[in-house]
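*Asks:* Dropping the sequence and predicted coords here.
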Amino acid sequence: MRLEEKSYLIMAQNSSEMLVINKLLNKNNIETDLVPAPPEWGTVCAIAVKIKGTDLETSKNLLHSSGINNAKILEDRKLKLQGLIDKKLGLMVSERFLEILKKIENGDELQREEIIYLLSTDKKREIDAIFSAADRIRKETVGDVVEIRGAIEFSNYCRKNCKYCGIRGQNSEIKRYRMTEEEIMEVVAYLHSLGLRTVILQSGEDPYWTMPKIINILRKIKETTGMRITLSIGERPYEEYAEFKKAGADNFLLKIETTNRELFKEIHPDDDFDTRLQCSKWLKELGYINGSGNIIGLPGQTVEDIASDIEFFRDMGINMIGIGPFIPAKGSPYEKLTPGDIAMTLRTVAVTRIVCKKVYIPSTTALATLSKDAQVWALNAGANTIMLINTPKKYRSSYNIYDNKNMVDLEAAVYAVRKAANRKLPSYLKLPSYLENPDFDFAAKQEGML
Ligand code: SAH
């Protein structure tokens, strides 16, 4: 391969060095992209600075003359997979599908039409092959461990009115709550005692939680537990995102929900697609592990829309991708609509894994809500993380972004991981002894027999 066709990844020691490198190169007119780091780079999805082969020498010199000598530079290799296609399969699937599968084996980037094909084929053999390709890629990029995170939904006040969402500001049918700092810290301590490494702080867009208040809680969590922190608190000004990062936020989850601009406008009466996109770009620029995602089954959403969402995740270098089915919420304008399709959600998970490779894909709570085993299916379809809901009991039912929201707890997560094929619980997890028993009878417990 010629130098012009190659690209390279610069791996910094930490995220602030990565930002320094990125700025330095951009200032010297070198085009860069921030992308998820390659699989061999430890177990975390760190971020790498991608450059073109033709800029390699200049970049090296710039780093050197600026005293940055620890950054590693690797060639950006494609992920090649062998054995996706065997002779038998070749006879049972379409010519077109076989071509796509060959591209996947070869690590080549899929075109939009190919993504649409994968999302829409109804041939059983092809669907099976899509899921097994996704599972292979999941295994080779992020391994068998299912990462477990703990979420705290600390406020359900919201100034927005997203039509699908049950905690939209105008919904007067729910009781509003805000957790106090002490209440939040109590849950954090519990999550820490379980050995978890990441806590997710999620809320509506609540003006009460001003920048200084958020910073305060971030610092407290860092000081007392050292845990990684994911924020999921919606749109904020650049300066606030920057301050949150400085105060210890590591990851940010801000789903684009849909990349179809018209649909976006329709479902978000007081939101602007470009603003949301800008926020997501800022988060990336600031060095957050950047989370996005979409909702499957929005009114009028097409397979083409979902393909565009997946292309967006890839082209934006998104690191965490939350894919959940739409679920109607009481008191929302979409209360009476039908829920999103589980099969389509799982297919989207699989195709996203195939296209985006090394990313975190949660087996979402929304899936768990539609069926007890849907989280298991998602783990088998390319997902690799589970988020526990740890909002205190007295508030939980009020965080009804959708109805009958499943409260994925430690038991549910352990159940899903044990039931999924060849998956492991993380070694950092400190299970209570009754759950350490691999034969623990979850069904009996649920039915109140134990
Ligand atoms: N206010 C934050 C957090 C929103 S809640 C923000 O704007 O980012 C987290 C996610 O729940 C949303 O991004 C959305 O994708 C999902 N969600 C909300 N209502 C839903 C519904 N009715 N069905 C499915 N997913 C929903």
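*Replies:* Great, that's in hand.
*Asks:* Could you measure from the closest residue in space to L3 that isn't next to it in sequence over to R2?
*Replies:* In this structure, L3 finds its nearest non-sequential neighbour in G53, 4.1 Å apart by CB to CB, 6 or more residues apart in numbering. Every residue, glycine included, has its C-beta placed from N, CA and C. Separation of G53 from R2 (CB to CB, to the nearest Å) stands at 8 Å.
*Asks:* Pick out whichever of these two has more residues nearby.
*Replies:* When G53 and R2 are compared for neighbours, G53 comes out ahead with 16 against 7, by other CB atoms under 10 Å.
*Asks:* Next, give phi and psi for the more buried one.
*Replies:* phi -50, psi -40 (degrees, to the nearest 10).
*Asks:* gap between it and the ligand?
*Replies:* Using CB to the nearest ligand atom, to the nearest Å, G53 is found at 37 Å from the ligand.
*Asks:* Tell me where this protein has strands.
*Replies:* Taking DSSP state E, the strands of the chain run over residues 7-11, 33-36, 47-52, 72-75, 147-155, 198-203, 228-232, 251-253, 289-296, 320-325, 385-389.
*Asks:* Comparing those strands by mean pLDDT, which bottoms out?
*Replies:* Among the strands of the chain, strand 33-36 carries the lowest mean pLDDT, a mean of 82.
*Asks:* what's the spacing between that strand and its chain's center?
*Replies:* 15 Å (CA atoms, centre = their mean, to the nearest Å).
*Asks:* and that strand, which strands flank it?
*Replies:* Using DSSP bridges, strand 33-36 pairs in its sheet with strand 47-52 (antiparallel).
*Asks:* List of residues touching the partner strand?
*Replies:* The contact list for strand 47-52, computed with CB atoms under 8 Å, 6 or more residues apart in numbering, reads 4, 6-12, 15, 18, 21-22, 25, 30-38, 41, 59, 76, 287, 289, 317, 319.
*Asks:* And for stretch 336-352?
*Replies:* Stretch 336-352 is contacted from outside by 115, 118-119, 127, 130-131, 133-134, 294-299, 306, 309-310, 313, 321, 323-328, 359, 361, 363, 367, 370-371, 374, 377-378, 381-383, using CB under 8 Å, 6+ apart.
*Asks:* Stretch 391-398 now?
*Replies:* Contacts of stretch 391-398 (CB under 8 Å, 6+ apart): 151-154, 156, 174-177, 179, 183, 187, 389, 399, 407.
*Asks:* Kindly export the helix ranked longest in the chain (C-alpha atoms) in PDB.
*Replies:* The longest helix of the chain (DSSP state H) is helix 124-142. Extracted C-alpha coordinates of helix 124-142, given in PDB (Å, rounded to 0.1, in the frame of the first residue of the first chain):
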ATOM      1  CA  LYS A 124     -32.900 -16.200   7.600                       C
ATOM      2  CA  ARG A 125     -29.400 -17.400   6.600                       C
ATOM      3  CA  GLU A 126     -28.300 -13.900   5.900                       C
ATOM      4  CA  ILE A 127     -29.700 -12.600   9.200                       C
ATOM      5  CA  ASP A 128     -27.900 -15.400  11.100                       C
ATOM      6  CA  ALA A 129     -24.600 -14.500   9.300                       C
ATOM      7  CA  ILE A 130     -25.000 -10.800  10.200                       C
ATOM      8  CA  PHE A 131     -25.400 -11.700  13.900                       C
ATOM      9  CA  SER A 132     -22.500 -14.000  13.900                       C
ATOM     10  CA  ALA A 133     -20.300 -11.500  12.100                       C
ATOM     11  CA  ALA A 134     -21.300  -8.900  14.700                       C
ATOM     12  CA  ASP A 135     -20.500 -11.300  17.600                       C
ATOM     13  CA  ARG A 136     -17.100 -12.100  16.100                       C
ATOM     14  CA  ILE A 137     -16.200  -8.400  15.700                       C
ATOM     15  CA  ARG A 138     -17.400  -7.800  19.300                       C
ATOM     16  CA  LYS A 139     -15.200 -10.600  20.500                       C
ATOM     17  CA  GLU A 140     -12.100  -9.400  18.600                       C
ATOM     18  CA  THR A 141     -12.500  -5.700  19.400                       C
ATOM     19  CA  VAL A 142     -13.800  -5.600  23.000                       C
END
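*Asks:* List the buried residues in it.
*Replies:* When burial is assessed from 16 or more other CB atoms under 10 Å, helix 124-142 yields the following buried residues: 126-127, 129-131, 133-138, 141-142.
*Asks:* do stretch 180-200 as well
*Replies:* Neighbour count says stretch 180-200 has 183-185, 187-188, 191-192, 194, 196-200 buried, by 16+ other CB under 10 Å.
*Asks:* possible to save these as CSV with distance to the ligand?
*Replies:* Putting the buried residues of stretch 180-200 into CSV (distance: CB to the nearest ligand atom, whole Å) gives the following:
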residue, distance to the ligand
E183, 19
I184, 16
M185, 21
V187, 18
V188, 19
L191, 19
H192, 23
L194, 23
L196, 19
R197, 21
T198, 16
V199, 15
I200, 10
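*Asks:* out of these, who's nearest Y434?
*Replies:* L194 (13.9 Å; CB to CB).
*Asks:* K430 is in contact with the closest one, correct?
*Replies:* Yes: counting by CB atoms under 8 Å, L194 does reach K430; the two are 5.7 Å apart.
*Asks:* who touches both of the two?
*Replies:* Counting by CB under 8 Å, 6+ apart, nothing touches both L194 and K430.
*Asks:* Check what pLDDT the residue located most distally from the centre of the chain gets.
*Replies:* What lies farthest from the middle of the chain is S65; by CA atoms, centre = their mean that is 37.0 Å. Looking at S65, its pLDDT stands at 96.
*Asks:* now it: how far from S16?
*Replies:* Using CB to CB, which is the criterion applied here, S65 is 20 Å from S16.
*Asks:* Name the residues of the stretch 301-450 of the chain found near the ligand, please.
*Replies:* 324, 326-327, 329, 366, 401-402 (CB under 6 Å from any ligand atom).
*Asks:* Pull the most distant pair out of those residues.
*Replies:* G324 and A329 (12.7 Å).
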